[in-house]
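Novice: Could you work out the structure for the sequence below:
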Amino acid sequence: MEYHFKRQEISGDRVLFALSLDKKSGKERILIGSETEIIKKLWNDPDAMVYYDEIHPIGTLFINKRSDGTDWTDRGFMPLWNALHSNRWKQPELEQAASDFCAKMYQSGDPFAIYTAIRLWDGYLRAREPRDRERAAELFKIDLAGLISPLEKYSAENLLDRSITDAIRQSGDEMKMDVWYPARTDMECVTAYRSFLPIIMYYHARLSDWSLYFRSCKVCGRIFLAKSQKYTMCSDKCRQEMKTQAKRDFDARAIENGYDHLYKNETQRWRNQLNKAKKNASPDQLEVLEKSYQALRKEALKRKNHVKSGRSTEREFTDWILLQSL
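Specialist: Sure, this is the predicted structure:
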């Protein structure tokens with residue numbers, strides 16, 4: 001359902017931001033609309049009319065966050081604030097500037113931006129109704145501060161950080177949130193109106209309960225959700241790319257350092273002997289061979305470090321490693 005950012009009749013229902021997380025399916029569902037219509041959507045009513053209803057993998061809400069909030073005050077709120085304090089001749093231009101910005105944010109695909117745009121415009125329409133515009137403007141400011149302030153304070157990156165929940169707790173901002181258990185469904189659904197902060201807190205609490213962690217991929221830099229903090233790559237493709245790059249780096253070093261290449265060849269020759277011995281040699285013979293291999297590796301690594309530190313020459317290491325193969 002489209003939202004038109006123009007002067008229009010005010011709806012009697014508040015527009016809510018609703019979130020449902022499903023651990024079993026690993027999905028998140030976000031709905032934006034009136035309470036009545038959201039409930040109808042959750043009941044799978046085909047006639048329900050909401051502004052946004054999307055199901056994505058858990059974590060998408062933050063991973064794909066597009067709006068960092070830096071323009072909301074200057075391009076969204078202030079033109080409407082000024083319009084409330086201007087005469088009717090100046091209002092259309094100010095309203096149009098805010099309308100264009102809100103429409104752009106509405107089309108961004110970011111649920112945070114979509115909801116803020118609707119709430120900003122709806123709040124302005126409500127503020128135009130009372131005769132006492134000064135009082136209405138102050139209420140308009142108070143009403144929208146809880147939405148715009150978090151968008152400006154918390155970027156997409158730090159919203160992914162668990163430590164942000166401590167900052168939110170200490171912020172003193174409104175943390176009111178409703179929890180629904182809609183009839184005819186087996187889901188838990190949370191809704192917020194004045195601020196996104198309760199949604200952020202709830203989301204991080206659920207991820208903590210389920211031992212899920214936001215991580216940044218060391219290869220592509222993409223933010224992803226992992227089942228352990230030890231994961232550093234987001235996909236098999238990136239893991240393969242990491243292995244390929246590691247091999248390139250190793251080969252490059254081997255080319256640059258002849259003694260590295262000789263060391264690699266010698267240790268490979270010993271590994272080949274060990275593999276053959278595992279099939280043919282007795283346990284005692286295999287033990288002796290393994291001890292000899294470990295002793296060679298230990299001595300070789302020590303001599304390599306001497307070369308790197310300048311306490312020995314590459315030629316001395318090369319002569320020694322060649323003697324081992326005689």
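
Novice: just for the stretch 51-200 of the chain, where's the confidence low?
Specialist: 65-70, 149-175, 184-185 (pLDDT under 70).

Novice: how about the helices in it?
Specialist: 60-63, 78-84, 91-106, 111-127, 133-153, 156-159, 164-169, 197-209 (DSSP state H, counting those that start in this stretch).

Novice: residues in contact with Ala117?
Specialist: Ala117 makes contact with Tyr3, Phe5, Gly76, Cys102, Ala103, Met105, Tyr106, according to C-beta atoms under 8 Å, 6 or more residues apart in numbering. Quick note: C-beta positions are derived from backbone N, CA and C, even for glycine.

Novice: Identify the spatial nearest neighbour of the spatially most central residue of the chain, chain neighbours not counted.
Specialist: With distances taken as C-alpha atoms, centre = their mean, Ile63 lies nearest the centre of the chain, 3.1 Å away. Leaving out its chain neighbours, the residue that sits closest to Ile63 by C-beta to C-beta, 6 or more residues apart in numbering is Ile223, at 4.8 Å.

Novice: tell me the contacts of that neighbour?
Specialist: Ile223 neighbours (C-beta under 8 Å, 6+ apart): Phe62, Ile63, Leu160, Phe214, Arg215, Ser216, Cys217.

Novice: So what pairs up with it in the strands?
Specialist: Ser216 (DSSP bridges).

Novice: Quick one: name whatever helix or strand follows the helix or strand Lys247 falls within.
Specialist: Per DSSP states H and E, Lys247 falls inside helix 236-256. Downstream of helix 236-256, the next assigned helix or strand under DSSP H and E is helix 258-280.

Novice: Contacts for that following helix, please.
Specialist: 253-255, 285-286, 289-290, 293, 296-297, 300, 304, 307, 314, 317-318, 321-322, 324-325.

Novice: So which bits of the helix or strand following it are buried?
Specialist: Sequence order places helix 283-309 as the next helix or strand after helix 258-280, per DSSP H and E. Buried residues in helix 283-309, counted by 16 or more other C-beta atoms under 10 Å: Leu289, Tyr293, Leu296, Ala300, Arg303, Lys304, Val307.

Novice: The first one and Ala277, how far apart?
Specialist: Distance from Leu289 to Ala277, counting by C-beta to C-beta, to the nearest Å: 5 Å.

Novice: swap in the third one?
Specialist: Leu296 sits 15 Å away from Ala277, taking C-beta to C-beta as the criterion.

Novice: so the residue nearest to the centre of the chain touches Ser216, yeah?
Specialist: No. Applying C-beta atoms under 8 Å, one finds Ile63 not in contact with Ser216, separated by 10.5 Å.

Novice: Need the overlap of contacts for those two.
Specialist: In terms of C-beta under 8 Å, 6+ apart, Ile63 and Ser216 are both contacted by the residues Arg222, Ile223, Phe224.

Novice: so how many other residues sit close to the last one?
Specialist: Yep, that's Phe224 we're talking about. 18 (other C-beta atoms under 10 Å).

Novice: hang on, the earlier thing: for the contacts of Ile223, give me TSV that also has distance to Ser228.
Specialist: Converted to TSV, the contacts of Ile223 look like this (distance: C-beta to C-beta, whole Å):
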residue	distance to Ser228
Phe62	19
Ile63	17
Leu160	16
Phe214	12
Arg215	9
Ser216	14
Cys217	14
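
Novice: Farthest-apart pair in the residues you listed, please.
Specialist: Taking C-beta to C-beta, the two most distant members of the contacts of Ile223 are Phe62 and Cys217; they sit 15.1 Å apart.

Novice: buried stuff in stretch 310-321?
Specialist: Those would be Ser312, Phe317, Thr318, Ile321, for stretch 310-321 by 16+ other C-beta under 10 Å.

Novice: As a markdown table, those with pLDDT would be great.
Specialist: Formatted as a markdown table, the buried residues of stretch 310-321 follow (pLDDT from 0 to 100):
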| residue | pLDDT |
| --- | --- |
| Ser312 | 84 |
| Phe317 | 81 |
| Thr318 | 81 |
| Ile321 | 78 |
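
Novice: Inside helices: which ones of these?
Specialist: Phe317, Thr318, Ile321 (DSSP state H).

Novice: Tabulate the residues you listed in JSON lines, adding columns for distance to Arg271.
Specialist: Shown next, in JSON lines, are those (distance: C-beta to C-beta, whole Å):
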{"residue": "Phe317", "distance to Arg271": "20"}
{"residue": "Thr318", "distance to Arg271": "20"}
{"residue": "Ile321", "distance to Arg271": "15"}
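
Novice: For burial, what's the neighbour tally of Gly262?
Specialist: Actually, residue 262 is Leu rather than Gly. Leu262, neighbours per other C-beta under 10 Å, totals 20.

Novice: circling back to that earlier point, mind checking how far the residue nearest to Ile63 is from Ile114?
Specialist: Distance of Ile223 to Ile114, given as C-beta to C-beta: 20 Å.
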